[in-house]
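# Got a predicted structure plus its sequence, pasted below:
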Amino acid sequence: MKQEESEEGQTSDVEQGGAEAEDIEVLKQALAEEKAKVEANLAGWQRVQADFINYKRRSEQEKVEISKFANAALMFNLLPILDDMERALASVPPKLTEFTWVEGVSLIERKLKASLELQGLSQVKALGEPFDPKLHEAAMYTKGEEGIVIEELQKGYKLQDRVIRPSMVVVGNGEEQEVEKKED
């Protein structure tokens, strides 16, 4: 009888050992699946973190751009007034330049220019410069050195490093201007 019990015990131990091996395999498989999930979650978290950092950087950059160009529309609307003041002062007859009201208008024009310059406005250089479509708008072509701005019809302006109004210019077409010859 003892022998039967011991055989049954061994059979039971073998069955138990096989069941433990299966349990270990199942646990190893479950562990591998969980590790894969952890790696996927970590990769997703890292992507989200990188996206958030990029979002913050873009957001800060946009804030800087907005603050730089917040007054661009106002300045653009003031440019015709500045043009008119310059034309008016340029057309004052010499005998009127000594009047105090002319000096006052000139002072107002200089203050307006100074205020706009403090906000980052600068004039685009045009006369005698090579034509640049990013800075200049060609109104017409005439005799003169090819590709060189010969005349400025309307001043152009930049705010910081962005053109808000290109210079309207006359560009040379490459034909030589006739030089008057002196007769001896």
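Sure, I can see it.

# Count the neighbours of residue 159 for me.
19 (other Cβ atoms under 10 Å). (Glycine included, C-beta is placed from N, CA and C.)

# Wait, it touches residue 72, no?
Yes: counting by Cβ atoms under 8 Å, residue 72 is a contact partner of residue 159 at 5.3 Å.

# which residues are common contacts for these two?
Residues touching both residue 159 and residue 72 (Cβ atoms under 8 Å, 6 or more residues apart in numbering): none.

# Tell me how far the residue nearest to the spatial centre of the chain lies from residue 34.
Most central in the chain under Cα atoms, centre = their mean is residue 65, positioned 7.0 Å from the mean C-alpha point. According to Cβ to Cβ, to the nearest Å, residue 65 stands 46 Å off from residue 34.

# ok, now residue 89?
Counting by Cβ to Cβ - residue 89 and residue 34 are separated by 81 Å.

# Same check on residue 95?
Taken as Cβ to Cβ, the spacing of residue 95 relative to residue 34 amounts to 96 Å.

# Show me which of residue 89 and residue 34 is the more surrounded one.
residue 89 (15 against 10).

# chain center to the longest helix along the chain, what's the gap?
In the chain, with assignment by DSSP state H, the single longest helix is helix 2-69. Put simply, helix 2-69 sits 43 Å off its chain's centre (Cα atoms, centre = their mean, to the nearest Å).
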